[in-house]
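A.B. asks: with the sequence up front, the predicted model follows.
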Amino acid sequence: MHRHFTLAADPAVDMTSLWLLAALLTPLILAGIPAARRTAWLAVLAPLPALTLALANPVTRVVDMEWLLLGASLGLDDTGRLFLLASAVIWLLAAVHAADSLRSAYRAERFRVFFLLAMAGNFSLILAQDMLSFYLGFTLMGLSATGLVAHRGCAAARRAGRLYLAWTLIGEMLLFSALLLLVAESGGLEFAALQATNPAPLAVALLLTGFGIKLALPGLHVWLPLSYAAAPAAGVAVLSGPMISAGLLGWMRFLPPGSETLVNWGNGLIVIGMIGVVFGTLIGLMQKDPRVLLGYSSISKMGLLAAGFGIALAQPQASVALLSALTLYAINHLLVKSALFIGLDLLERGSPRPWVLSGMLLFGLMLVGAPLTSGALAKSAFAAALPENASWFGAWLATAALASALLMGRLAFLLRQARSHQPPASDYALTAWLLFVTLLALLPLLAAGAQPSLSGGWPLAVALLLILLLWRYPSARLGAWVGRIPPGDILHPMNHAASRLAGKLSAASFGRHLQQFTQSSRRRLLALQAWVPPRSSNPLAVALGWSLAGALWLLLVGLILLAMLRLD
């Protein structure tokens, strides 16, 4: 059978199909253009087809590329359209900022290539309508982002890049194993086949962990603070926005709520997410670097999203409304957090402080969910989508808003100490960022059918009161704790334990431990010698013994594979 390239017959759909392909191919084509003085701004053109596609009418799965490997399906549903629109805007803003801030010819070219490859992977996973296409896009995005993290080339950047790459590879292996299990169970690669499938517990665990690394769940988060501190502002903007939100989109695609087998997993995810909110807030308040503080703020917000997705798994009857609300909440965080990182870089590069500080203040209010902001709309939609038996989570939403307000108060204190130590930003970068500020400020008014909400302002008021009390009474400040927990938190005791273990296994002590082990083993062997039959001198018997041992190993491996793949 000949594999073919299928497009719909409708000319309007054909045009949408061309835009789908253009959204994927434009970043890849631009990444292959050789470096030149005038190519620095080419990355700005890369997200434009995706942005145009997202603004058009969504059409689900209009391109079937059966000739490509195992086949690929691309399309755009309502959820994908929102993610694509927000991601394309952030990639555009980050591209403008990168073209202005990275002016070294060699380093700018290197950053541009990794930047465009990561962009192509991000757009690919959003448009993917089958598991393999999503995985390939997710892998391309994750591996390419290593070049963004390690771009500066200093020791800290190389260490952060190695750590990020190690965790990314672990996540890719877990997701690939889960993909094999899902294909064996569903019999197909398309996401639609997962709707009628009860995934195996092992596949669910692999998916929650693999995408949980990208979402920086507690225990899987150690790569995030160091990566945010090391990468350039344009790289951190896309890491903290489009890339981190890809983990939530992966859960939505691979684990659609509705299966009874996912209820208990959802309850566990609620607990893990709530721990992430508290953990990210407490550790973030103890940081001195604004970038690291914003990184722990992302850990806190991703914990809240993980808990919300856990409710959707545990309450299948309310999953449709909850997933829509989670999408809006994630989109708001994606836009605001990326803009905060770019605003911080503008402030450090000597841009006019009143303008930048005003924009940063507005973004902080959006992140908290202050009244009359996009954050308030997202929070109210989240609370309204909760089922009656999960209404208690509304109080947790308010607690998370209070935590965000405290983190933004700490950020405001750190911004007072920000000083210019880089080349000044151009008018292009500042103008693009201010236009983005204006767009987000008007978003509640532009949203169709959205009513500005005045409720939910008490977390902000309580946070302001706490900040004023801490400022009024210096003895009550947490200054003694600030800086004691470095970025990466649990990574440092793990490294210390590994260093002590390596010291015990050093060359000087290794011989002594080996001698003690040999002597004890020799005594045990002598004690068991009476029970061991004499070694045969018959070559045929020796060969038969090795053959039986090999057969047993093959049987054991086969049984493990059968159990993992659940084959009949």
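C.D. replies: Nice, thanks for sending it over. Numbers count the residues shown, from 1 in each chain.
A.B. asks: as a check, name the ranges of all helices in the stretch 1-150 of the chain.
C.D. replies: With DSSP state H, counting those that start in this stretch, the ranges of helices along the stretch 1-150 of the chain come out as 11-31, 48-55, 78-101, 105-127, 131-149.
A.B. asks: show me what the third one is packed up against.
C.D. replies: Just to be clear, that refers to helix 78-101. The contact analysis (3 or more CB pairs under 8 Å, 6 or more residues apart in numbering; DSSP states H and E) places helix 78-101 against helix 48-55, helix 105-127, helix 233-238, helix 244-254, helix 319-348, helix 427-446. For glycine as for every other residue, the C-beta is placed from the backbone atoms N, C-alpha and C.
A.B. asks: export those helices as TSV, with columns for distance to residue 148 and mean pLDDT.
C.D. replies: Below are those laid out as TSV (distance: least, CB to CB, whole Å; pLDDT from 0 to 100):
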stretch	distance to residue 148	mean pLDDT
helix 48-55	19	92
helix 105-127	5	89
helix 233-238	3	94
helix 244-254	13	95
helix 319-348	12	93
helix 427-446	18	86
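A.B. asks: could you single out the most deeply buried of the ones you listed?
C.D. replies: Most buried of these, by mean neighbour count (mean count of other CB atoms under 10 Å): helix 233-238, with a mean of 28.
A.B. asks: count of neighbours near residue 415?
C.D. replies: Neighbour count for residue 415, taken as other CB atoms under 10 Å: 19.
A.B. asks: same check on the one 10 residues further on?
C.D. replies: Residue crowding around residue 425 was assessed by other CB under 10 Å; the count is 24.
A.B. asks: at the geometric centre of the protein, which residue sits there?
C.D. replies: The residue lying closest to the centre of the chain (CA atoms, centre = their mean) is residue 244, at 2.5 Å.
A.B. asks: ok, that one touching residue 216?
C.D. replies: Yes. Between residue 244 and residue 216 there is a contact under CB atoms under 8 Å: 7.0 Å.
A.B. asks: rewinding a little: would you turn the helices and strands packed on helix 78-101 into CSV with distance to residue 281?
C.D. replies: Shown next, in CSV, are the helices and strands packed on helix 78-101 (distance: least, CB to CB, whole Å):
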stretch, distance to residue 281
helix 48-55, 33
helix 105-127, 28
helix 233-238, 20
helix 244-254, 17
helix 319-348, 15
helix 427-446, 23
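A.B. asks: of those helices, which is nearest residue 189?
C.D. replies: helix 244-254 (11.7 Å; CB to CB).
A.B. asks: so what touches that closest one?
C.D. replies: 79-80, 83, 87, 122, 125-126, 128, 131, 134, 138, 141, 175, 178, 182, 191, 194, 207-208, 210-216, 298, 302, 305, 309, 323, 326-327, 330-331, 333-334 (CB atoms under 8 Å, 6 or more residues apart in numbering).
A.B. asks: and the next helix or strand past it?
C.D. replies: Next helix or strand after helix 244-254 toward the C-terminus (DSSP states H and E): helix 263-284.
A.B. asks: so what's the residue count around residue 313?
C.D. replies: Close neighbours of residue 313, defined as other CB under 10 Å, add up to 27.
A.B. asks: what's the answer for residue 261, then?
C.D. replies: Other residues close to residue 261 by other CB under 10 Å number 13.
A.B. asks: need the contact list for the closest residue in space to residue 353 that isn't next to it in sequence.
C.D. replies: Distance criterion CB to CB, 6 or more residues apart in numbering; nearest residue to residue 353, sequence neighbours excluded, is residue 347 at 6.8 Å. Shown in contact with residue 347 (CB under 8 Å, 6+ apart): 353, 356, 357, 360, 415, 418.
A.B. asks: highest neighbour count among these?
C.D. replies: residue 356 (26 neighbours).
A.B. asks: what residues are up against it?
C.D. replies: Taking CB under 8 Å, 6+ apart as the criterion, residue 356 is in contact with 343, 346, 347, 430, 433.
A.B. asks: and residue 396, by the same measure?
C.D. replies: If you count contacts by CB under 8 Å, 6+ apart, then residue 396 has 274, 277, 304, 307 around it.
A.B. asks: among the residues you listed, which one sits closest to residue 386?
C.D. replies: Nearest to residue 386 among the contacts of residue 396, counting by CB to CB, is residue 307 at 11.1 Å.
A.B. asks: tell me how many other residues surround that closest one.
C.D. replies: Count around residue 307 with other CB under 10 Å applied: 23.
A.B. asks: one more: the one 10 residues further on?
C.D. replies: In terms of burial, residue 317 registers 11 neighbours under the definition other CB under 10 Å.
A.B. asks: tally of neighbours for the closest residue to residue 119 other than its chain neighbours?
C.D. replies: Distance criterion CB to CB, 6+ apart; nearest residue to residue 119, sequence neighbours excluded, is residue 27 at 4.4 Å. Number of residues near residue 27 (other CB under 10 Å) recorded here: 26.
A.B. asks: what of the one 4 residues further on?
C.D. replies: Counted with other CB under 10 Å, residues neighbouring residue 31 total 20.
A.B. asks: so how do I select the buried members of the contacts of residue 396 in ChimeraX?
C.D. replies: In ChimeraX, a selection of the buried entries from the contacts of residue 396 looks like this (16 or more other CB atoms under 10 Å):
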select :274,277,304,307
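A.B. asks: closest one to residue 92 out of the contacts of residue 396, please.
C.D. replies: Within these, proximity to residue 92 (CB to CB) peaks at residue 304, which comes in at 27.1 Å.
A.B. asks: surely the closest one touches residue 275?
C.D. replies: No. Judged on CB under 8 Å, residue 304 makes no contact with residue 275 at a distance of 11.2 Å.
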